[in-house]
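Enquirer: quick one: sequence and predicted model below, then my questions.
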Amino acid sequence: MEFTDAELMCELLPTRPQPGIGKVLVTGATGYIGGQLVPTLISRGYSVRIMVRAPAPELENRWKKVEIVVADALNPAQLEAAMEGVDTAYYLIHSLLMGPSKLERVEIETAKNFRIAAERKAVRRIIYLGGLGDEQGDYSPHLRSRMAVANELRQGRTPVTVLRAAIIIGAGSASYEILHHLVRKLPVIPIFRWAKTKCQPISIHDVILLLVGVLETPETTGGSFDVGGPDILSYEEMIQSMAAIQGRKRWLPPLPALPVKFTSYVISLLTPVPHAITWCLMEGVFNEVVCRNNAIRELIPFTPMTYKNAVLMAMTREEQDRVHTRWSDAYPPAWELAIKLHELKTPPRYGARYSLATRQSPAALFDSICRIGGEEGWFHSNWLWRLRGLLDRILMGVGSSRGRRHQTELRLNDVIDFWRVEALKPDAMLLLRAEMKLPGQAWLRFTIEPGGAVNTLGVQAYFNTESLWGKLYWYACLPFHHFIFTDLIRQIEKRSSA
Ligand SMILES: NC(=O)c1ccc[n+]([C@@H]2O[C@H](COP(=O)([O-])OP(=O)(O)OC[C@H]3O[C@@H](n4cnc5c(N)ncnc54)[C@H](OP(=O)(O)O)[C@@H]3O)[C@@H](O)[C@H]2O)c1
């Protein structure tokens, strides 16, 4: 799905592309913000290099004109190679899924490596999008880590432009999805004391404009700027406004506060956003996050979008199925969850295959396979998939309510409930890697083998484990697998004829 001209967001930008700017490095390009910044920079004519942690052939297809380097910011040598010949580097690296306890330490190390590599490779400028907040305040680990990253980057000789934003509202942003789902699902929303805290949300549209705008405004080099929309709202007001936009009557009774960890856990059960993220975000709800300096408005003047319009735009994008990036795009931090099937030293020990012969064409079957999960569900035995998702959520896993970015289109690394797309070959194969809590690693491969008039549609479950618990888990699930997967391929076939 290509970005349309309107989605490229530059129509309001008062600045002009600067032909003198050399190679622009975008880190965090697989993330929510980076994934929208890259096409906008390309459309402005910049030469863009993206840095990703894992080889990502799908990104070559998504952005034909970008150069891709593989580097982990925790690896200084890789980082230096990524910065070779770079003029300006965007720092959009973030590790929210790590949870508050590890976040600060890892983020400071990443920022330090980045600063040193930028100096060694004589990068002219760094641009960093961080979080709003007063330096002296008593801040949550998440907000503290955002400020610490800014301070760490500024220690070096490379000038750093810092943009500081509070919550970002847009289709696919975690904050938007939390608010949206709470209002949609709860007729009664308890209002705790923290819901009175003031916040200055900004639309994703304006964030991208500003990230490009500072690149094209040399006066912003080395400066720190608070960025926000025109509305200063409490969380309660944001909920009320969201309810009005959705046309729902919601009762918001005041209640005494409950522990943040518990509240964030309940919120994670009610929304697609996993606990590691809701916890990090909730810890910051006691901190007022409002712009203290508005200098950016003079330097890059345009009319920012109201909270209401940002929500309306996000809802429209969802309805039109035009969500380009989502908080779930970034990999989970548990590295074993990112090991690919073909990277295993020995093939998985356990497997089960189910297949059927069909006269449906490979294209129709593949189209039908690509619609599994999300709003459509798993075509049959949905309650079993949901139960597995709920169990995962209770165990603080990702759960099945992450849904999907797009209802019919799939690309590599897309999330489908508790799976992630690991490989796909149009009209032939889809390989999903499990990201739910498991005593091992699991994959699900759909295959279509052409056979002239009659084709074979198959699904194969793979499970890799060494532990006794893992083996017990596999054998306990086998009877359900038989029931679920034979039904699933039958349903896929049935729908492909529709
Ligand atoms: N989203 C918001 O609502 C919001 C609000 C205010 C400020 N911000 C700021 O905007 C910035 C970007 O946020 P985001 O929402 O786009 O984050 P995100 O969706 O979580 O993406 C984070 C990116 O960081 C990359 N990354 C993590 N660890 C890395 C490492 N060690 N080496 C290289 N890359 C690494 C991830 O790559 P993988 O794909 O490999 O995991 C991913 O591309 C952050 O600084 C955040 O504080 C965001």
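Expert: Nice, I can see it. Numbering: from 1, shown residues only.
Enquirer: give me the spatial nearest neighbour of Ala171, chain neighbours excluded.
Expert: Excluding the flanking residues, the one nearest Ala171 by Cβ to Cβ, 6 or more residues apart in numbering is Arg317, at 3.7 Å. Every C-beta, even on glycine, is put in place using the N, C-alpha and C of the backbone.
Enquirer: then that neighbour would be within a strand, right?
Expert: No: assessed with DSSP: H, G, I helix; E, B strand; the rest coil, Arg317 is helix; it does not lie in a strand.
Enquirer: now it: how far from the ligand?
Expert: Per Cβ to the nearest ligand atom, to the nearest Å, Arg317 is found 15 Å from the ligand.
Enquirer: is it true that that residue touches Arg326?
Expert: No: here Arg317 does not reach Arg326: they are 10.8 Å apart, not a contact under Cβ atoms under 8 Å.
Enquirer: overlap in contacts, those two.
Expert: 171-172 (Cβ atoms under 8 Å, 6 or more residues apart in numbering).
Enquirer: which one's more surrounded, those two?
Expert: Set Arg317 next to Arg326 and count neighbours by other Cβ atoms under 10 Å: Arg326 wins out with 24 against 17.
Enquirer: who are the contact partners of that one?
Expert: Contacts for Arg326 (Cβ under 8 Å, 6+ apart) come out as 32, 171-172, 405, 415.
Enquirer: quick one: contacts for Arg124?
Expert: Contacts of Arg124 (Cβ under 8 Å, 6+ apart): 22, 87-88, 158-159.
Enquirer: repeat that with 6 Å
Expert: Asp87 (Cβ atoms under 6 Å, 6 or more residues apart in numbering).
Enquirer: and for His380, the neighbour number?
Expert: His380, neighbours per other Cβ under 10 Å, totals 17.
Enquirer: surely it is within a strand?
Expert: No: if the criterion is three-state DSSP, then His380 is coil and not within a strand.
Enquirer: coming back round to it: also near the ligand: which of the contacts of Arg326, exactly?
Expert: By Cβ under 6 Å from any ligand atom, the members of these lying near the ligand are Tyr32.
Enquirer: identify the farthest-apart pair in the contacts of Arg326.
Expert: Using Cβ to Cβ, the pair of the contacts of Arg326 lying farthest apart is Ala171 and Val415, separated by 14.7 Å.
Enquirer: got the phi/psi numbers for the residue nearest to Ile416 when sequence neighbours are not counted?
Expert: In space, and not counting its chain neighbours, Ile416 is closest to Gly373: 3.8 Å by Cβ to Cβ, 6+ apart. Dihedral angles of Gly373 (phi, psi; degrees, to the nearest 10) stand at phi 80, psi -170.
Enquirer: list the contacts for Gly373?
Expert: 404, 416-417.
Enquirer: can you list those in JSON lines and add distance to Leu74 and neighbour count?
Expert: As requested, the contacts of Gly373 are exported to JSON lines (distance: Cβ to Cβ, whole Å; neighbours: other Cβ atoms under 10 Å):
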{"residue": "Arg404", "distance to Leu74": "30", "neighbour count": "26"}
{"residue": "Ile416", "distance to Leu74": "28", "neighbour count": "23"}
{"residue": "Asp417", "distance to Leu74": "29", "neighbour count": "26"}
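Enquirer: quick one: which of the residues you listed sit in strands?
Expert: Taking DSSP state E as the definition of strands, the contacts of Gly373 contribute Ile416.
Enquirer: can you name the residue of the stretch 151-300 of the chain nearest the ligand?
Expert: Ile168 (3.5 Å; Cβ to the nearest ligand atom).
Enquirer: that residue touches Asp206, doesn't it?
Expert: No: counting by Cβ atoms under 6 Å, Ile168 stays clear of Asp206, with 9.0 Å between them.
Enquirer: how about the spatially most central residue of the chain, phi and psi?
Expert: The centroid of the chain falls nearest to Trp327 when counting by Cα atoms, centre = their mean (2.0 Å). In terms of degrees, to the nearest 10, the main-chain angles of Trp327 are phi -50, psi -30.
Enquirer: how close does it sit to Leu299?
Expert: Shown here: Trp327 relative to Leu299, a distance of 29 Å by Cβ to Cβ, to the nearest Å.
Enquirer: now Gly284
Expert: For Gly284, the distance to Leu299 - Cβ to Cβ - is 27 Å.
Enquirer: so, low pLDDT: which residues of this protein?
Expert: By pLDDT under 70, the low-scoring segments of the chain are 5-6, 96-101, 135-137, 331-337, 498.
Enquirer: break it down into its domains, please.
Expert: Following automatic domain parsing, the chain resolves into domains at 23-329, 335-496.
Enquirer: any chance of those in JSON lines, plus distance to Met9?
Expert: Output for these, formatted as JSON lines (distance: least, Cβ to Cβ, whole Å):
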{"stretch": "domain 23-329", "distance to Met9": "5"}
{"stretch": "domain 335-496", "distance to Met9": "18"}
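Enquirer: out of the ones you listed, deepest packed?
Expert: domain 23-329 (a mean of 19; mean count of other Cβ atoms under 10 Å).
Enquirer: need the contact list for the residue nearest to Asp231 when sequence neighbours are not counted.
Expert: Once flanking residues are discounted, Asp231 sits nearest to Tyr307: 4.5 Å by Cβ to Cβ, 6+ apart. By Cβ under 6 Å, 6+ apart, the contact list for Tyr307 reads 201, 229, 231.
Enquirer: distance check, Tyr307 against the ligand.
Expert: Distance from Tyr307 to the ligand, by Cβ to the nearest ligand atom: 14 Å.
Enquirer: list the residues that contact Gly374.
Expert: 403-404, 407.
Enquirer: for the residue of the chain found nearest the ligand, give me phi and psi.
Expert: The chain approaches the ligand most closely through Gly31 (2.1 Å), counting by Cβ to the nearest ligand atom. Main-chain torsions, Gly31, degrees, to the nearest 10: phi -90, psi -180.
Enquirer: surely it touches Ser328?
Expert: No: if you go by Cβ under 6 Å, Gly31 and Ser328 don't touch, sitting 10.2 Å apart.
Enquirer: list the contacts of the residue of the chain closest to the ligand.
Expert: Gly31 sits in contact with Ala330, where contact means Cβ under 6 Å, 6+ apart.
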